[in-house]
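>>> Provided below for reference: sequence and predicted model.
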Amino acid sequence: MVDQNSVNDLLLLGPGLQLGGPPNVRADIRATRGANVVPTGAHANALQLYRSNGILSTGLLTRNFDVGGSPNNPHSENDNIIAMSNAYIDHFVGAVTSVINQLVNNGVGSYIIWNEPHAANPPTPGALAPRNFAALLY
Amino acid sequence: MYTGGLLWPFGQRNNDGTISAPPASDMVHAYLQAVYDFLLDNRIGRYYGTTTPWDAVNVHVHHCGWQDSDMDYLYARINAVFDPSQNPHIGRDDVPDARPEDKKGTVIGEWGITHDEQRNTPNCLANAFTSLTKRFDAMWCFQHPNHNQDNPSLDPGHCSDSGSVFGLIEWNESNVFVKGNACPEWSALQSLYGNP
């Protein structure tokens, strides 16, 4: 939970947090497990709290933002890439567009697309072939 | 927009034991080059008059115990992806089409140490902080509330926990977030932020 208590502790870390500008929190924007729908209201409340305390946010959009194989996105992030996209990416982009439009006034200055796409050995959900990661970014 | 963080897998187990620093950097290089080369294959990049789909390349450098020269090597391997003299990708007109401008920035999307490392490795946090801040454009500390990376069901846990446990503070929550004890990393990081 992000509330004033947790934000206060971040601010107490000190003025040096502003080494190169305002402090910036990486905020993991996830869909509700099972339904695969992002609770934008709850995220907006947290992001707005950061903003009102002078903290910027960077939205982290991983596989947990739009879970492949879920009821509303049955596709796989590693499906074949044709013309720099696939059905999973199309759905991801649609979800991103919707969520960004709802969070745009809440201090989110930037986004990180995916997390550790090459990390797992053996591959686990979230590992992406390089061409799929390139197409997703594009 | 930043690329999803590419893990620098220093210290991770593989079939040969644990991954040392140079192979970890080579693995980041190999994946990033494959991503970039696919973009170049599709005529995306400065050479083609378009732009790569990010504002910065993002790397995750956890733990400590590496040498400063290891970060030089990691940084050089990232830059090599975009250097036409080091990236053999041949594009339109049969000429190398990689361009340094396509990298743009380089950030650390996650950095941080475990409680074990804080206890057992002198200057672990300070060495990692110093080594990273002098090379990269921005850094996100991993992470604020105590978190067991391998087994989140054990959260919130304690500063005394062993294993892959990161965090600056103990905590609990019911209706509100309640801060518990600050771990030694909290004051160490505060000192570093105040005395860069």
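Structure's in. What do you need?

>>> Pull the distance from stretch B:180-195 to the chain's centre.
20 Å (CA atoms, centre = their mean, to the nearest Å).

>>> Nearest residue to B:Arg119 in space, ignoring adjacent ones along the chain?
Spatially, and ignoring its direct neighbours in sequence, B:Arg119 is nearest to B:Pro184 (8.0 Å; CB to CB, 6 or more residues apart in numbering or on different chains). (Glycine included, C-beta is placed from N, CA and C.)

>>> Could you tell me the model confidence score at residue 20?
The chain I'm using is chain A. A:Gly20 is assigned 63 on the pLDDT scale.

>>> To clarify, I was referring to chain B.
For B:Ser20, the pLDDT comes out at 94.

>>> Quick one: residues contacting the nearest residue to it once chain neighbours are set aside.
For B:Ser20, ignoring the flanking residues on the chain, the nearest one in space by CB to CB, 6+ apart is B:Phe10 at 7.2 Å. The neighbourhood of B:Phe10, defined by CB atoms under 8 Å, 6 or more residues apart in numbering or on different chains, consists of B:19-21, B:24, B:61-63, B:65-66, B:70.

>>> Going by distance to chain A, which of the residues you listed wins?
B:Ile19 (9.6 Å; CB to the nearest CB).

>>> quick one: the closest one and B:Met27 touch, right?
Yes - using CB atoms under 8 Å, B:Ile19 is in contact with B:Met27, at 7.5 Å.

>>> Those two: which is more packed in?
B:Met27 (22 against 19; other CB atoms under 10 Å in any protein chain shown).

>>> Surely that one and A:Glu116 touch.
No - contact criterion CB under 8 Å: B:Met27 and A:Glu116 do not qualify, at 11.7 Å.

>>> Buried residues, stretch B:150-166. List them.
Residues of stretch B:150-166 classed as buried: B:155-157, B:159, B:161, B:165-166 (neighbour count, 16 or more other CB atoms under 10 Å in any protein chain shown).

>>> now swap in stretch B:11-21 and tell me
B:19, B:21.

>>> Tell me where the chain has helices.
All of this refers to chain A. A:4-12, A:40-52, A:87-103, A:130-137 (DSSP state H).

>>> My question was about chain B, not that one.
B:21-41, B:68-81, B:115-120, B:124-133, B:184-194.

>>> in the sheet, who's paired with the residue nearest to the spatial centre of chain A?
The C-alpha lying nearest the average C-alpha coordinate of chain A belongs to A:Leu61 (CA atoms, centre = their mean; 2.0 Å). Beta bridges link A:Leu61 to A:Ile113, judged by DSSP bridges.

>>> Isn't it up against A:Ile112?
Yes - if you go by CB under 8 Å, A:Leu61 and A:Ile112 touch, sitting 6.8 Å apart.

>>> Chain B contacts on chain A?
Residues of chain A lying close to chain B (CB under 8 Å from any CB of the partner chain) are A:1-3, A:5-6, A:9-10, A:12-17, A:19-20, A:24, A:26, A:58, A:62, A:84, A:110-119, A:121, A:130-131, A:133-135, A:137-138.

>>> most centrally placed residue in chain B?
Chain B, centroid-nearest residue using CA atoms, centre = their mean: B:His60 at 1.7 Å.

>>> Which pLDDT does the model give that residue?
Predicted confidence (pLDDT) for B:His60: 97.

>>> Could you do B:Phe82 as well?
At B:Phe82, pLDDT is 98.

>>> so who does it touch?
B:36, B:98-103.

>>> Give the burial count for the closest residue to B:His158 other than its chain neighbours, as a bare number.
Nearest residue to B:His158, sequence neighbours excluded (CB to CB, 6+ apart): B:Glu170, at 5.8 Å. Using other CB under 10 Å, B:Glu170 is surrounded by 20 other residues.

>>> So which bits of the helix-or-strand element of chain A with minimal mean pLDDT are buried?
Every helix and strand of chain A was ranked by mean pLDDT, DSSP states H and E. The lowest is helix A:4-12, at a mean of 89. For helix A:4-12, a neighbour-count test (16+ other CB under 10 Å) marks A:6-7, A:9-10 as buried.

>>> Tell me if I'm right that A:His75 and A:Ser85 touch.
No - applying CB under 8 Å as the test, A:His75 and A:Ser85 come out as separate, 11.1 Å apart.

>>> Contact partners for the residue nearest to B:His158?
Counting by CB under 8 Å, 6+ apart, B:Glu170 touches B:146, B:156-159, B:179-183.

>>> Neighbouring strands of the helix or strand bottoming out on mean pLDDT in chain B in the sheet, and parallel or not?
Least confident helix or strand, chain B: strand B:13-14 with a mean of 84, by mean pLDDT, DSSP H and E. Sheet pairing for strand B:13-14, assigned by DSSP bridges, gives strand B:17-18 (antiparallel).

>>> Got the confidence number for B:Leu168?
For B:Leu168, the predicted pLDDT is 95.

>>> didn't it look like it was pressed against B:Leu189?
Yes - the pair B:Leu168 and B:Leu189 qualifies as a contact (CB under 8 Å) at a distance of 6.5 Å.

>>> Which neighbours do those two have in common?
In contact with both B:Leu168 and B:Leu189: A:13, B:141, using CB under 8 Å, 6+ apart.
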